[in-house]
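A.B. asks: sequence unknown, structure follows:
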């Protein structure tokens, strides 16, 4: 059974356009230990959503892992790993972080752990992304207004001090 992951990249460093052009790449440069543990879980045949971080904040496309984790040649310490990816397909339309939040995926690592660059994607989230890409964009998602607090009678400070 294949697994699905989400890999973040700053598009000015390496974008989904670059992956489409290159067809295949070593996903290297990851320097977070939790992300490293997730890369170690990736196996050939696993799928990866490619997410543009920074200003974009959206899933752009899908890649396939074509090689198990191996030492990252860009890591002089020898502690980190990389995986080889092959381009899959561009999503019909990007799926934004705002849409994840609006859909209530608050417990998904993309929303919960904003600095994590490699994370597993649960099946229900994967299915939601594939469905969402086929739907018209929701447009800007407005934050819900905070409910007004019920007014509480506040005793004057003098009376509070007297009670002590």
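C.D. replies: Cool, got the structure. From a predicted model like this one, the values you see are computed outputs, not experimental measurements.
A.B. asks: Now for the chain: which strand has the highest residue count?
C.D. replies: Ranked by residue count under DSSP state E, the longest strand found in the chain is strand 81-96.
A.B. asks: Show me which residues of the following helix or strand past that one are buried.
C.D. replies: The helix or strand immediately downstream of strand 81-96 is helix 97-102, counting by DSSP states H and E. The neighbour-count check on helix 97-102 (16 or more other C-beta atoms under 10 Å) flags 97, 98, 99, 100 as buried. For every residue, glycine as well, the C-beta is placed using N, CA and C.
A.B. asks: Show the pLDDT at the last one.
C.D. replies: Think residue 100. pLDDT, residue 100: 97.
A.B. asks: does the residue most central in space within the chain belong to a helix or a strand, and which?
C.D. replies: Centroid check for the chain by C-alpha atoms, centre = their mean gives residue 110 as the closest residue, at 3.6 Å. Residue 110 belongs to helix 109-112 when elements are defined using DSSP H and E.
A.B. asks: Which other helices and strands does that helix contact?
C.D. replies: Using 3 or more C-beta pairs under 8 Å, 6 or more residues apart in numbering; DSSP states H and E, the elements in contact with helix 109-112 are helix 97-102, strand 118-120.
A.B. asks: Go through the ones you listed and name the closest to residue 64.
C.D. replies: Among those, strand 118-120 comes nearest to residue 64, with 15.1 Å by C-beta to C-beta.
A.B. asks: Next, the angle strand 81-96 makes with whichever helix or strand comes after that closest one.
C.D. replies: Once the chain leaves strand 118-120, the next helix or strand it forms, by DSSP H and E, is helix 123-132. With axes from the mean of the first three to the mean of the last three C-alpha atoms, to 10 degrees applied, the angle from helix 123-132 to strand 81-96 works out at 50 degrees.
A.B. asks: Please work out the average pLDDT along helix 123-132.
C.D. replies: pLDDT averaged over helix 123-132 gives 97.
A.B. asks: What of stretch 31-41?
C.D. replies: Rounded mean pLDDT across stretch 31-41 is 97.
A.B. asks: Would you mark the buried spots in that stretch?
C.D. replies: Buried positions in stretch 31-41, judged by neighbour count with 16+ other C-beta under 10 Å: 35, 36, 38, 39.
A.B. asks: For residue 137, give its distance to residue 91.
C.D. replies: Per C-beta to C-beta, to the nearest Å, residue 137 is found 11 Å from residue 91.
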